[in-house]
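# fold the following for me, if possible:
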Amino acid sequence: MINKVMLIGNLGKDPETKEFENGKSVTNFSMATSESYKDKDGEWQERTEWHDISAWQSMSAQKLSKGDTVYVEGKLTTRSWEDSEGNKRYKTEVNANYIRLVKRSGTQVAHAEVVGNDQDLELPRINPKGRIAVLNRKKDASRQTQQV
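Numbering: from 1, shown residues only. The predicted structure follows:
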């Protein structure tokens, strides 16, 4: 079975960090991903999806800001609780184990800040033409390019 999520998107607001008595911390933020498509009339439409991200013990995630473009890799988790009215509530979020800053809001491509073990990951890079090149560290020769 595989539970793996890879997203490239923009932060919707500044991350919020909570610290616990046991010394652990979690940083939460939301990010938007967008896709463009042609509707039945041939007109271009854009659809935006919002994702809730949780990063445990992440110093780099705390340094992110609203509008930053980030690459997030992790797994989907769903938690449930009972609200004050007794209703069962659910929340699905990405539990991030790797975060890479792709671009600071309002700037060109920035230096990457990495969380987690990146030895076997395919890493996104933006070239001057605005395309994302996914480079596999294990196989330098394998390259895939996608238009953003």
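# first-to-last residue distance for stretch 15-32?
14 Å (Cα to Cα, to the nearest Å).
# show me how far that stretch is from its chain's centre.
In terms of Cα atoms, centre = their mean, to the nearest Å, the gap separating the centre of stretch 15-32 from the centre of its chain is 15 Å.
# buried set for that stretch?
Applying a neighbour-count criterion of 16 or more other Cβ atoms under 10 Å, one finds Pro15, Ser25, Val26, Thr27, Phe29, Ser30, Met31 buried in stretch 15-32. To be clear about C-beta, it is placed using only N, CA and C from the backbone, and glycine gets the same treatment.
# ok, and the closest non-adjacent residue to the last one?
Distances taken as Cβ to Cβ, 6 or more residues apart in numbering place Gly9 nearest to Met31, at 4.2 Å, with adjacent residues excluded.
# wait, a strand at the one you found?
Yes - Gly9 forms part of a strand when assessed by DSSP: H, G, I helix; E, B strand; the rest coil.
# what is the burial count for it?
If you count neighbours by other Cβ atoms under 10 Å, Gly9 ends up with 21.
# list the contacts for it?
Each residue near Gly9 by Cβ atoms under 8 Å, 6 or more residues apart in numbering is listed here: Met31, Ala32, Thr33, Ser34, His51, Thr69, Val70, Val72.
# where along this structure do the helices fall?
59-62 (DSSP state H).
# tell me which residue lies nearest the centroid of it.
Val72 (3.1 Å; Cα atoms, centre = their mean).
# that one contacts Asn95, correct?
No - with contact defined as Cβ atoms under 8 Å, Val72 does not count as touching Asn95 (10.1 Å).
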